[in-house]
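In: Provide a 3D model corresponding to the input given below.
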Amino acid sequence: MDDATGMDRARLLVMLDMERRLHRKFSIQASHLGRDLAAASEKPAPEGFVSRIARLCGISAKAPRRSPRKKPAVAGGCSIVIPTWRDNAFVRKAVASCLAQTAGADGLQILLCVNGGDTEYFERLRGEYGGDARIEVLRTGRADPNAARRLGVEAAKMPFLAFVDDDDEITSGFVERLRGFFADPNTNIAIGALRECGGDDGQPQSPGGSRLSRPDGVIADTLRSAGSGATQDRRELSPVLSSFCYRLFRTAFFKRAFRISDSALPFAEDVVFWVENFAAIEGPVRCDSPDAPEFYIRRMTGDSRSRPASSRGAAAGIRPHLECLETLSRFALDAGRTIEERCFAVSKIEARAGMISKLVASLDGAGKTAALDAIRASGNPFTFLCTEASDSRPASVRNDTYHK
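Out: The predicted structure is shown next:
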């Protein structure tokens, strides 16, 4: 592909993505305005004969109010997959939080999946948890978190499926709360509230704080504004389809519809998973309120990640980000895909470009020059979103309008 042509196609895709989002935003605002005007213009109905007699006699003409019907309880056990690569300070807390689920009365299967060649760690976990029938300790020789997830999914036997990273936790009612969204038989995915924990004290940040996951808050607001709590508009869902964790799946649907590929990109396997499986989503996706009382706790401390240090943060450099950008670009520019799938990939490209821009902005001197040279040398048509740190990015990305 000619570089100029690729750049033009990339720019057109970003512009199309922006236009679709603006159309969606103003359509919702217009529908709400029309509804409010209609409600304000309604005149009270004239008093009827029966109502007038009842008023004069001092009695109520209204039929007795029935108590609201309760939503049917959703039963069914849950399989929780915990991929783990090496021993760390939090893995046992992760397991304990899963065992404490109030939904456990309907069945609980904890799949502790070790990935990699650390057989000593595997044997130690099997020795610790071998006496608990609810826990299965499995192992794959591949040092790949997605290989561990695949192993867990294959072994899952319960009607519902969840993923918890080995350095995170979930509150005791998390599974039970999300399970309530599956009263609708067409629902296959429910997304829970997320709190991030920046300290070793284990205390998550309060809702609305700077550490709260913004995309989940935005999509929950969007769903509430639609008045249904559900959506079939996949484009609106793209900000929250970003992780395996803090969500609940129907196990049968996940096994039938989704595919977990090998993790070719460090710390981007979850993004690639959703881009690869975007078209396989069926039915409404339910999102909990960001300030829900039950939530997933993600640790953000430097020593919490149970993966090789070379794959993390600044230590990994800019190269892994550019590799991820290249993979996502292939999805976005694939003419065989629907426009919804391609725009979804563009949303992930924008997010990755933001990460690259922050990384570049944090460098100085020769490091920054080398990073900018690597960006330009990559030949990726979407690099116009992230070159020159953040100042030269389009206003849509610079002002974060994607999330507004």
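In: If you count neighbours, what's buried in stretch 112-120?
Out: Of the residues in stretch 112-120, those buried under the neighbour-count criterion (16 or more other Cβ atoms under 10 Å) are 112-116, 118. Glycine gets a C-beta too; all of them are placed from N, C-alpha and C.
In: what's the first-to-last distance across that stretch?
Out: 15 Å (Cα to Cα, to the nearest Å).
In: for the record, mean pLDDT for that stretch?
Out: Mean pLDDT, stretch 112-120: 90.
In: swap in stretch 367-378?
Out: On average, stretch 367-378 scores 89.
In: What strand or helix carries residue 136?
Out: Element membership for residue 136, per DSSP states H and E: strand 135-140.
In: If you count contacts, what does that strand end up packed against?
Out: strand 108-115, helix 119-129, helix 145-155 (3 or more Cβ pairs under 8 Å, 6 or more residues apart in numbering; DSSP states H and E).
In: hang on, residue 5 in a helix?
Out: Yes. Assessed by DSSP: H, G, I helix; E, B strand; the rest coil, residue 5 belongs to a helix.
In: Give me the neighbour count for the nearest residue to residue 323 once chain neighbours are set aside.
Out: The shortest distance from residue 323 to any non-neighbouring residue, by Cβ to Cβ, 6 or more residues apart in numbering, is to residue 265 (5.7 Å). Neighbours of residue 265 under the rule other Cβ atoms under 10 Å: 18.
In: ok, residue 265 - contacts?
Out: 272, 320, 323-324, 327 (Cβ atoms under 8 Å, 6 or more residues apart in numbering).
In: now residue 132, what's its secondary structure?
Out: coil.
In: shift numbering so it begins at 474
Out: Sounds good: first residue 474 from here, last item residue 605.
In: For it, grab the count of nearby residues.
Out: Neighbours around residue 605, by other Cβ under 10 Å: 12.
In: picking up where we left off before, out of the helices and strands packed on strand 608-613, indicate the one that is most buried.
Out: Stretch with highest mean neighbour count among those: strand 581-588 (a mean of 24; mean count of other Cβ atoms under 10 Å).
In: so what secondary structure elements neighbour it?
Out: By 3+ Cβ pairs under 8 Å, 6+ apart, strand 581-588 packs against strand 551-557, helix 564-572, helix 592-602, strand 608-613, helix 618-628.
In: Show the residue spans covered by the helices in the stretch 674-823 of the chain.
Out: Taking DSSP state H, counting those that start in this stretch, the helices of the stretch 674-823 of the chain run over residues 687-699, 707-710, 724-730, 742-750, 786-789, 792-805, 812-834.
In: What's the mean pLDDT across the second one?
Out: Averaging pLDDT along helix 707-710 yields 63.
In: With the fourth one instead?
Out: In this model, helix 742-750 carries a mean pLDDT of 90.
In: Tell me which of the helices and strands packed on strand 581-588 sits nearest to residue 651.
Out: Set against residue 651 and scored by Cβ to Cβ, the helices and strands packed on strand 581-588 come closest in strand 551-557, at 9.2 Å.
In: Let me know the angle separating that closest one from strand 581-588.
Out: Between strand 551-557 and strand 581-588, the angle comes out at 20 degrees (axes from the mean of the first three to the mean of the last three Cα atoms, to 10 degrees).
In: What lies in contact with strand 551-557?
Out: Contacts of strand 551-557 (Cβ under 8 Å, 6+ apart): 564, 567-568, 571, 574, 576, 579-588, 594, 598, 618, 621-622, 625-626, 628-639, 648, 652, 721, 724, 779.
In: Specify the angle between that strand and helix 592-602 in degrees.
Out: Going by the same axes, to 10 degrees, strand 551-557 makes 150 degrees with helix 592-602.
In: so what strands line up beside strand 551-557?
Out: strand 581-588 (parallel), strand 633-636 (parallel) (DSSP bridges).
In: Report the buried residues of the shortest one.
Out: Okay, so that is strand 633-636. Buried, per 16+ other Cβ under 10 Å, within strand 633-636: 633-636.
In: What are the contacting residues of that strand?
Out: Under Cβ under 8 Å, 6+ apart, the answer for strand 633-636 is 549-556, 622, 625-626, 643, 648, 652, 655, 717-718, 720-724, 727.
In: Which entries within the residues you listed meet the buried criterion?
Out: 550-556, 622, 625-626, 643, 648, 652, 655, 717-718, 720-724, 727.
In: Would you mind giving the domain segments of the chain?
Out: 551-772, 783-876 (automatic domain parsing).
In: closest to residue 661 out of the helices of the stretch 674-823 of the chain?
Out: Closest approach to residue 661 among the helices of the stretch 674-823 of the chain (Cβ to Cβ): helix 724-730, 4.2 Å.
In: just checking, what packs against that closest one?
Out: Helix 724-730 packs on strand 633-636, going by 3+ Cβ pairs under 8 Å, 6+ apart.
In: in terms of contact count, name the helices or strands touching whatever helix or strand comes next after the strand it packs on.
Out: As assigned by DSSP H and E, the chain's next helix or strand after strand 633-636 is strand 642-643. Secondary-structure packing of strand 642-643 (3+ Cβ pairs under 8 Å, 6+ apart): helix 564-572, strand 768-772.
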